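Visitor: No sequence on hand, only this structure:
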């Protein structure tokens, strides 16, 4: 996942969980595939990541609308938000 950060912009600093996340070791194209591409590999990698829950919480809190976050696709996160 791509987290745009600069040394002088602490507001955009990567969350603590991100440094150890498996996605930090993989290119962003893996988690933000072209439309119609499979998400299976990204979800599999997320399933093995210790930071999965923190990642999903981050995505829900920050209304991330694109890509795979915490093992869920955009539509899966949207459905989760709608649950009571």
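Guide: Nice, I can see it. Quick caveat, the model's predicted, so the values are computed rather than measured.
Visitor: quick one, phi/psi of the residue nearest the centre of the chain?
Guide: Computing the C-alpha centroid of the chain and ranking residues by C-alpha atoms, centre = their mean puts residue 69 first, at 2.7 Å. Main-chain torsions, residue 69, degrees, to the nearest 10: phi -130, psi 130.
Visitor: what bridges to it?
Guide: Going by DSSP bridges, residue 69 is paired in beta bridges with residue 72.
Visitor: I'd guessed it sits against residue 54; true?
Guide: No: using C-beta atoms under 8 Å, residue 69 makes no contact with residue 54, being 10.4 Å away. C-beta: built from backbone N, CA, C; applies to glycine.
Visitor: Now do the same contact list for the residue nearest to the centre of the chain.
Guide: Residue 69 is in contact with 1, 31, 55-56, 58-59, 77, counting by C-beta atoms under 8 Å, 6 or more residues apart in numbering.
Visitor: who touches the host helix or strand of residue 76?
Guide: Assigned by DSSP states H and E, residue 76 belongs to helix 74-82. Helix 74-82 is contacted from outside by 56, 59-60, 64-67, 69-70, 72, using C-beta under 8 Å, 6+ apart.
Visitor: one more time with 10 Å, if that's ok
Guide: For helix 74-82, contacts defined as C-beta atoms under 10 Å, 6 or more residues apart in numbering pick out 39, 43, 56, 59-60, 63-73.
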